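Undergrad: My questions concern the predicted model and sequence given below.
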Amino acid sequence: MAGGMTSSHLPCYFQMKEEIDKFIEHLKLEGASHHTIRSYRIDLKELADFLKQKPASQISKRDIRDWLGSLMRWESDRSSISRKLSSVRSFFKFLLQRNIVQQNPSLDLSAPKLNRKIPPFLTESDTEKLLNLKGLSSRDQTILEVLYGTGIRASELTSLNLENVNLMNETIKVLGKRGRERIMPLTRKALVALQKYLSERETYDGPLFLNKYKTRLSARSLYRIVNRHIRMVAELTRMSPHTLRHTFATHLLDHGCDLRTVQELLGHRSISSTQIYTHITPERLKEIYTQAHPRA
């Protein structure tokens with residue numbers, strides 16, 4: 001830099017920005033999704049702006065507590081605040097490992113308690129209606145069958161390539177968070193839909209799901225496709241490709257699948273992430289009640 005200015009003499013703004021940029025580059029190398037990277041960048045910029053770009057090495061526990069307090073006053077979504085704190089913890093963990101800071105000031109801070117909501121999902125009846133919609137293109141039919149049949153994330157579906165499909169073994173290889181791979185079995189219906197879709201393809205390599213320009217289907221386009229079709233069979237306040245992931249997990253558990261297996265299928269590192277699906281659907285509750293109550 002001009003005048004031989006070192007990192008320690010950088011203005012505060014550039015120090016904090018430089019530290020965040022290093023962390024973001026690290027996330028990219030680790031294979032974090034575009035959505036995750038964007039969230040981290042936004043969260044850390046909010047902290048930097050609140051603390052007037054104070055260098056990370058000068059940020060104290062009180063600074064972060066004051067920031068969380070301001071969020072609690074203006075932010076009603078506790079899960080969002082909890083995520084922001086998680087972003088800050090990961091950021092300081094990264095800086096600590098590289099001796100950029102001497103301590104992690106966010107370690108002992110508690111996230112606000114969450115009111116855990118049951119994620120939106122489709123009933124088995126509505127799922128059947130969705131998968132039997134008339135007039136679906138072979139691509140859209142395959143997307144719905146694969147999402148419901150495997151429970152994979154939207155980002156995992158759009159990143160699939162033709163080479164990830166093994167029709168002989170009836171499986172697909174999925175690249176999950178942090179570059180972790182897992183092999184997912186395909187349902188018979190998903191396999192049939194895939195074979196039909198592939199038979200209509202003009203190319204035999206590259207992305208599995210294509211848009212009208214014959215390039216990789218984007219996450220945004222996937223959301224539009226799935227939301228449009230779900231609206232035709234169900235009334236949900238929130239819907240997305242993740243709705244079919246929630247539906248997949250709920251239906252497996254309803255039919256007796258154990259939690260550990262569902263955890264593996266979903267690609268969760270911690271079983272606590274899977275436990276949100278242990279709610280009992282009204283249909284299952286009524287079935288258990290009828291079987292168990294002497295006067296039912």
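TA: In hand now; what should we look at?
Undergrad: where does the chain have its least confident helix or strand?
TA: Every helix and strand in the chain was compared by mean pLDDT, DSSP states H and E; the lowest is helix 282-292, with a mean of 68.
Undergrad: Just the pLDDT at Arg73, thanks.
TA: As predicted, Arg73 sits at a pLDDT of 76.
Undergrad: chain center to the host helix or strand of it, what's the gap?
TA: Taking DSSP states H and E as the criterion, the element that holds Arg73 is helix 61-74. When C-alpha coordinates are averaged (CA atoms, centre = their mean, to the nearest Å), helix 61-74 and its chain have centres 26 Å apart.
Undergrad: Check which residues of it are buried.
TA: Asp63, Ile64, Trp67, Leu68, Leu71 (16 or more other CB atoms under 10 Å). Yep, even glycine has a C-beta here, placed from its N, CA and C like the rest.
Undergrad: Look up the closest residue to the last one, ignoring the ones flanking it.
TA: Among residues not flanking Leu71 along the chain, Ile81 sits closest, at 5.0 Å (CB to CB, 6 or more residues apart in numbering).
Undergrad: quick one: that neighbour and Ser70 touch, right?
TA: No: taking CB atoms under 8 Å as the contact criterion, Ile81 and Ser70 are not neighbours in contact, 10.2 Å apart.
Undergrad: still on that earlier bit, I'd like the buried residues of helix 61-74 as a markdown table, with distance to Leu265 appended.
TA: Putting the buried residues of helix 61-74 into a markdown table (distance: CB to CB, whole Å) gives the following:
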| residue | distance to Leu265 |
| --- | --- |
| Asp63 | 41 |
| Ile64 | 36 |
| Trp67 | 37 |
| Leu68 | 35 |
| Leu71 | 34 |
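Undergrad: who's in contact with stretch 257-271?
TA: Judged by CB atoms under 8 Å, 6 or more residues apart in numbering, the contacts made with stretch 257-271 from elsewhere in the structure are 150-153, 156, 174, 176-177, 180, 182, 184, 245, 248-249, 252-253, 273-275, 277-278.
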